[in-house]
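J.: Structure for this input, please:
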Amino acid sequence: MAGIERIVRRIARNLWAVLAVGALAACQPIYRSHGYVPSDSDLAMLAVGQDTRDTVGDFIGRPSSSGVLEDGGWYYVGSRWVESGLRKPREINREVVAISFTKDGTVQNIERFGLEEGRVVTLSRRVTDSNIKGVTFLGQLLGSIGNVNAGEFID
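T.: Alright, predicted model coming up:
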């Protein structure tokens, strides 16, 4: 009978150890990345004012998002999320690379944005001409909302 008690105690001890290790493993954070953002070295291969939509697509690939209009810019969006235990997933990093083109299809702007404390922050910027005067590409895009004339659509 004493032998059976020892076996039961040993099984119970091992079971507690397995449960403790399982509980610790369940609390480990899980990181997930979504989207694609080209690296600075990939963007360095592009020449503002020289490259076209086709060469940008060849060098860094076509984005999953582009501007609303046919001539709109290309947007590469990447996010990093962390999930820990029973908490809901939260975004810990987001980057957006915006490439705008002129009417003839050459690269006009290359901008990299990040997310800091819930605000969009410009991380880097390459511009061909200086007519922007401190307004970011996204600021221009959002500032043009409401400046559409209905007569432009009726033709």
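J.: any idea how far V8 is from Y76?
T.: 60 Å (CB to CB, to the nearest Å). Just so you know, the C-beta spots here come from the backbone N, C-alpha and C atoms, and that holds for glycine as well.
J.: Have a look at these two and say which one is more surrounded.
T.: The neighbour comparison of Y76 against V8 (other CB atoms under 10 Å) goes to Y76, with 22 against 10.
J.: Q50 touches T106, doesn't it?
T.: Yes - Q50 is within contact range of T106, at 6.7 Å (criterion: CB atoms under 8 Å).
J.: more neighbours, those two?
T.: Between Q50 and T106, counting by other CB under 10 Å, T106 is the more crowded of the two (17 against 10).
J.: so who does that one touch?
T.: 49-52 (CB atoms under 8 Å, 6 or more residues apart in numbering).
J.: Now the phi/psi pair for it, please.
T.: When read as degrees, to the nearest 10, the backbone of T106 gives phi -90, psi 160.
J.: Retrieve the pLDDT associated with it.
T.: You'll see T106 listed with a pLDDT of 90.
J.: can you offset everything so residue one is 272?
T.: Got it, the first residue is 272 from now on, which makes the last one we talked about T377.
J.: which residue ranges form the helices in the chain?
T.: Ranges of helices in the chain, per DSSP state H, are 273-297, 311-315, 324-331, 408-414.
J.: nearest to I370, of those?
T.: Among the helices of the chain, helix 324-331 comes nearest to I370, with 6.3 Å by CB to CB.
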